[in-house]
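[1] Here is my input, please return the structure:
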Amino acid sequence: MTLLLVYAVTLLAAVLVSDRAHRTVLSTAVLFLAVGVGWGVTRGALGRDAVRALADLALVTVLFTDGLRLSLPGLRKAWRLPGRALLLGLPLTLAGTAIAGRALVGLGWAEALLVGAALAPTDPVFAAAIVGREEVPARLRQLLNVESGVNDGLALPFVVAFIAWAGRGGFSPSGMAGELALGVALGLAIPWAAVRLERTAAFGASRQYRRIGVLAVGLLVFALAVNVHGNEFLASFTAGMTLATVAPRAPVTFAEIGDAASEVLKLGALLVFGSMLSPAFLRGLSPGGWAFALVALFAVRPAAIAIALVGSGLTARERIVAAWFGPKGFASVVYGLLIASSDVPRADLLFHLVAVTTALSILLHSSTDVPVARWFERSPDAAEAR
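    Numbering: from 1, shown residues only. Below you'll find the predicted structure:
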């Protein structure tokens, strides 16, 4: 209960400083991370199972909520720039991170590709710090928003495949494909069936219960996926997209409660993740590992997105910001914990690489959204783009 008290106090403090944080380099995300680090130093790190459970729940909520923002018709209209980041930038980031892991840490190819897959997706939570600012051109906000909302789901099959490849149990393509396909099938079928039932003469949801209905569909898909061994993350993301497509009012109905629930869970997961970042944990990473984290953040992502956006029509300033603002977050934390609990021989080293890179990303990207926004305020090109 002491941890719950600390979390509640931190949450209230975040609410009280949120307006100031929105206008300065202060960051509520960094506040939760710092409190978590303080807890770990004074009380000891929470167990990885506890962190994994909360992080899993937070990621499922985030993926479902993000999926609700991405109906297929809307995605087709907004695909031109995000498509470059996802279909070219994401693979380049994965490959570049893997090469850095191989060169700087001496990882094998399977291990290096696994770390690359875990760190390839950007986080919709911390990307929201920049996409919510009106100073930033709309096309750049759309690019970052769609990219961060979709790439968790795209990276997931690679994480699962590379864990199997790098592990001791052997790689079973059919087993992995079955798990992913089952998750997608549940994410498609359950929301579609629920909407069809609600529209029949025998059923009907009252206005008060419609938002609960969206939540019920998300919970049902998640629970079924866990129980029948489908991939719950891909199922949740697919369920959100399906609902947004077959019931266009669902995202509006669920937006307020969904965003609030996601934020509460994400901040809690960030606090417990911070408890793992003790001085001893950080000392466990070699100089090569620290160099890897810096290269992944300052070189790999910027280079990959710069290549992906060649000929995109964005201004130089927009391309620079898109290349820089690729924050890692809860998806990378969860994928790191998946690695830590796997049978991969050097799982602890790989988890260290993912955790430290993610923590550095949270500190850097959560604290640079205001300077970036102010940079656009002074840009005549950005004013025209808006």
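[2] Does residue 306 touch residue 324 like I think?
    No. Taking contacts as C-beta atoms under 8 Å, residue 306 lies outside contact range of residue 324: 10.1 Å. In this view, the C-beta of every residue, glycine as well, is placed from N, C-alpha and C.
[3] more neighbours, these two?
    Shown here are residue 306 and residue 324; by other C-beta atoms under 10 Å, residue 324 has more neighbours (18 against 15).
[4] And the strands in the stretch 151-300 of the chain?
    Here the stretch 151-300 of the chain has no strands by DSSP state E, counting those that start in this stretch.
[5] what ranges of it fall below the confidence cut-off?
    The model of the stretch 151-300 of the chain has pLDDT under 70 over residues 169-173, 207, 255-256.
[6] cutoff 80 now
    151-154, 156, 168-177, 201-202, 204-211, 249-263, 266, 269 (pLDDT under 80).
[7] which residues touch residue 59?
    152, 233, 330-331, 334 (C-beta atoms under 8 Å, 6 or more residues apart in numbering).
[8] what do you get if the cut-off is 7 Å, keeping everything else the same?
    By C-beta atoms under 7 Å, 6 or more residues apart in numbering, the contact list for residue 59 reads 233, 330-331, 334.
[9] Also residue 111?
    Counting by C-beta under 7 Å, 6+ apart, residue 111 has contacts 166, 346, 350.
[10] Could you list the buried residues of the host helix or strand of it?
    Assigned by DSSP states H and E, residue 111 belongs to helix 109-119. By 16 or more other C-beta atoms under 10 Å, the buried positions in helix 109-119 come out as 110-119.
[11] so how far is stretch 328-335 from its chain's centroid?
    Distance, stretch centre to chain centre, for stretch 328-335: 6 Å (C-alpha atoms, centre = their mean, to the nearest Å).
[12] pull the CA atoms of that stretch into CSV?
    Output of stretch 328-335 as CSV, limited to C-alpha atoms (Å, rounded to 0.1, in the frame of the first residue of the first chain):
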residue,chain,number,x,y,z
LYS,A,328,11.0,4.9,-27.0
GLY,A,329,8.6,4.0,-24.2
PHE,A,330,6.1,1.4,-22.9
ALA,A,331,6.2,-0.9,-25.9
SER,A,332,10.0,-1.1,-25.7
VAL,A,333,9.8,-1.7,-21.9
VAL,A,334,7.3,-4.5,-22.4
TYR,A,335,9.3,-6.1,-25.2
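[13] And for it, what's in contact with it?
    55-56, 58-59, 62, 118-119, 121-123, 125-126, 152, 159, 266, 269, 273, 354, 357-358, 361-362.
[14] and that stretch, average pLDDT?
    Stretch 328-335 shows a mean pLDDT of 80 in the predicted model.
[15] Could you list every helix and strand that the helix or strand that contains residue 19 packs against?
    When elements are assigned from DSSP H and E, residue 19 belongs to helix 2-23. The contact analysis (3 or more C-beta pairs under 7 Å, 6 or more residues apart in numbering; DSSP states H and E) places helix 2-23 against helix 28-43, helix 250-274.
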